[in-house]
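*Asks:* Provided below are the primary sequence and the corresponding predicted coordinates.
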2 protein chains.
Amino acid sequence: MKQVEFWFDFASSYSYPAALRVEEVARAESVPIVWRPFLLGPIFKAQGWHDSPFNIYPAKGNYMWRDLERLCESLRMPFRKPSIFPRNGVLAASLACLFSAELWMPEFVRHMFLANFAEDRDISDLSVLASVLERVRQPASLSAFARSAEAKAKLRSATDRAQAIGIFGAPSFVVGSELFWGNDRLESAIEWACAHA
Amino acid sequence: MKQVEFWFDFASSYSYPAALRVEEVARAESVPIVWRPFLLGPIFKAQGWHDSPFNIYPAKGNYMWRDLERLCESLRMPFRKPSIFPRNGVLAASLACLFSAELWMPEFVRHMFLANFAEDRDISDLSVLASVLERVRQPASLSAFARSAEAKAKLRSATDRAQAIGIFGAPSFVVGSELFWGNDRLESAIEWACAHA
């Protein structure tokens, strides 16, 4: 069956435009999207990086922020450079893993990304999770599940899976055994799914 | 005046499709291209890398080769994974710097990239330079100038300039003070030049 797995990290800058675009691009080609939250941190650590490469390599980081700003402008997406980068997305990703089957999840993900990259809010804060849940018409109290053992286990397992299939950055798109890396490859992934269904 | 500087390294994998595409994309919008050969090696070394990041980080490298293969297929460009990567492009880049004002230079650059990424030839070999010169109807003897002090100095100065303007990878496109990184950004750079001329 044709489908595209969308692997994202809430802290990842280029995951932001991808998360906002993915459903519209996929819908135009009738390709179902499977939302796959994971953590880049452990994958970076395994490569010897203890911070975002955008912080470790300033020329790359300076470029990324300007590129993202231009990109959001051309996509007419709001953008405000987060005052902390990368923000800790563990709780948000745990919650997204736990509720991955819920119909409201994609909208929750988009609003979490907006909180980080358009509103400069601290997505590691449980109260921010609670307010985003309310924004998508869910009880704020669900935020407490982000700290549950089940949510954490699901996130760990998703991250292990990402590493096992060769994911090294975010966003990534997976179609069968094909990997596509970066917001720039969203369209290629959708095309691949259509051509090889 | 609107123009786009195309910064490339003969060893850089994604510089290959960019070098083959740049003139056609630019011509469609009547944007002049300034060809800027440089060396990534010294810039990588300054970041603490003594090899290509595609070799240092295998997941990234495996992905790049598959991505490039898919990309070349969709662009209908020949591709054969070089048996040595990255190849030493110092002589080729020195020659390209020395003869940067010659009308045959863009064609020489394209054939050097084809030699490396479609024919798996050793572009660090002076005899390969000589045969590519003949392919673009120039005397093979010009290849000897690749070792001249003048050619080396021009390449060093180009590489210093690349680093000074924040270039950290190849290919890169420069339009005024705006930097665009990667084959994927060729179209954005051309659009920017048109919109801000």
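*Replies:* Now that the structure is in, tell me what you want to look at. What you are looking at is a predicted structure, and each value in this text was computed from that prediction instead of being measured.
*Asks:* leaving out chain neighbours, which residue sits closest to A:Lys154?
*Replies:* Distances taken as Cβ to Cβ, 6 or more residues apart in numbering or on different chains put A:Cys97 closest to A:Lys154, at 3.9 Å, once the chain neighbours are dropped. For glycine as for every other residue, the C-beta is placed from the backbone atoms N, C-alpha and C.
*Asks:* secondary structure element holding that neighbour?
*Replies:* Assessed by DSSP states H and E, A:Cys97 sits inside helix A:90-98.
*Asks:* picking up where we left off before, residue contacts, the residue nearest to A:Lys154?
*Replies:* With contacts defined as Cβ atoms under 8 Å, 6 or more residues apart in numbering or on different chains, the neighbours of A:Cys97 are A:Pro37, A:Ala151, A:Lys154, A:Leu155, A:Ala158.
*Asks:* the fourth one against A:Arg36, yeah?
*Replies:* This means A:Leu155. No. Assessed by Cβ atoms under 8 Å, A:Leu155 is found out of contact with A:Arg36, at 10.7 Å.
*Asks:* helices of chain A, start to end?
*Replies:* A:15-28, A:41-46, A:53-56, A:58-75, A:90-98, A:105-117, A:126-135, A:149-164, A:186-195 (DSSP state H).
*Asks:* A:Asp120: neighbouring residues, count only.
*Replies:* 13 (other Cβ atoms under 10 Å in any protein chain shown).
*Asks:* cool, A:Phe85 as well?
*Replies:* Residues lying near A:Phe85 (other Cβ under 10 Å) number 17.
*Asks:* if we can go back for a sec, so for A:Leu155 and A:Arg36, which sits in the more crowded spot?
*Replies:* A:Leu155 (24 against 21).
*Asks:* show me what from chain A comes close to chain B.
*Replies:* Within chain A, the residues that sit near chain B (Cβ under 8 Å from any Cβ of the partner chain) are A:47, A:57, A:59-60, A:62-63, A:66-67, A:70, A:74, A:166-169, A:178-182, A:184-185, A:188.
*Asks:* now the buried members of those.
*Replies:* In the residues of chain A next to chain B, burial by neighbour count holds for A:57, A:59-60, A:63, A:66-67, A:70, A:166-169, A:178-182, A:184-185, A:188, counting by 16 or more other Cβ atoms under 10 Å in any protein chain shown.
*Asks:* do you know how far the residue nearest to A:Lys154 is from chain B?
*Replies:* Going from A:Cys97 to chain B by Cβ to the nearest Cβ, to the nearest Å gives 22 Å.
*Asks:* and for A:Leu103, the neighbour number?
*Replies:* Using other Cβ under 10 Å, A:Leu103 has 8 other residues around it.
*Asks:* how much space between A:Val25 and chain B?
*Replies:* 16 Å.
*Asks:* for that residue, give me its contacts.
*Replies:* Taking Cβ under 8 Å, 6+ apart as the contact definition, A:Val25 lies against A:Leu186, A:Glu187, A:Ile190.
*Asks:* so which of the residues you listed is the most crowded?
*Replies:* A:Ile190 leads the contacts of A:Val25 on contacts (other Cβ under 10 Å) with 24 neighbours.
*Asks:* separation between A:Met112 and chain B?
*Replies:* In terms of Cβ to the nearest Cβ, A:Met112 sits 26 Å off from chain B.
*Asks:* what is the neighbour count of that residue?
*Replies:* By other Cβ under 10 Å, 27 other residues sit near A:Met112.
*Asks:* could you do A:Arg80 as well?
*Replies:* 14.
*Asks:* what sits closest to it if chain neighbours are left out?
*Replies:* A:Asp120 (5.2 Å).
*Asks:* okay but that neighbour is in contact with A:Phe79, surely?
*Replies:* No. At 10.2 Å, A:Asp120 and A:Phe79 do not qualify as touching, with contact defined as Cβ under 8 Å.
*Asks:* so what's A:Leu129 closest to, chain neighbours aside?
*Replies:* Once flanking residues are discounted, A:Leu129 sits nearest to A:Ser143: 4.1 Å by Cβ to Cβ, 6+ apart.
*Asks:* same check on A:Ile84?
*Replies:* Nearest in space to A:Ile84, with sequence neighbours left out and distances taken as Cβ to Cβ, 6+ apart, is A:Asp122 at 7.2 Å.
*Asks:* ok, now A:Met105?
*Replies:* Closest residue to A:Met105 apart from its sequence neighbours, by Cβ to Cβ, 6+ apart: A:Phe99 at 5.5 Å.
*Asks:* list the contacts of that neighbour.
*Replies:* A:Phe99 neighbours (Cβ under 8 Å, 6+ apart): A:Met105, A:Phe108, A:Leu142, A:Phe145.
*Asks:* from the contacts of A:Val25, which is closest to B:Ser127?
*Replies:* Nearest to B:Ser127 among those, counting by Cβ to Cβ, is A:Glu187 at 42.2 Å.
*Asks:* just the pLDDT at that closest one, thanks.
*Replies:* With respect to pLDDT, A:Glu187 has a value of 98.
*Asks:* and what of A:Met1?
*Replies:* At A:Met1, the pLDDT value in this model is 67.
*Asks:* again, but for the one 3 residues further on
*Replies:* With respect to pLDDT, A:Val4 scores 98.
*Asks:* same deal with the one 4 residues further on?
*Replies:* Per-residue confidence (pLDDT) for A:Phe8: 98.
*Asks:* is it in a bridge, and if so with what?
*Replies:* Counting by DSSP bridges, A:Phe8 is bridged to A:Pro37.
*Asks:* where does the prediction get shaky in chain A?
*Replies:* Within chain A, the stretches with pLDDT under 70 are A:1.
*Asks:* tilt between the helix holding A:Cys97 and helix A:149-164?
*Replies:* Calculated by axes from the mean of the first three to the mean of the last three Cα atoms, to 10 degrees, helix A:90-98 forms an angle of 90 degrees with helix A:149-164.
*Asks:* quick one: helix A:90-98 to helix A:126-135, angle?
*Replies:* Here the directions of helix A:90-98 and helix A:126-135 differ by 40 degrees (the same axes, to 10 degrees).
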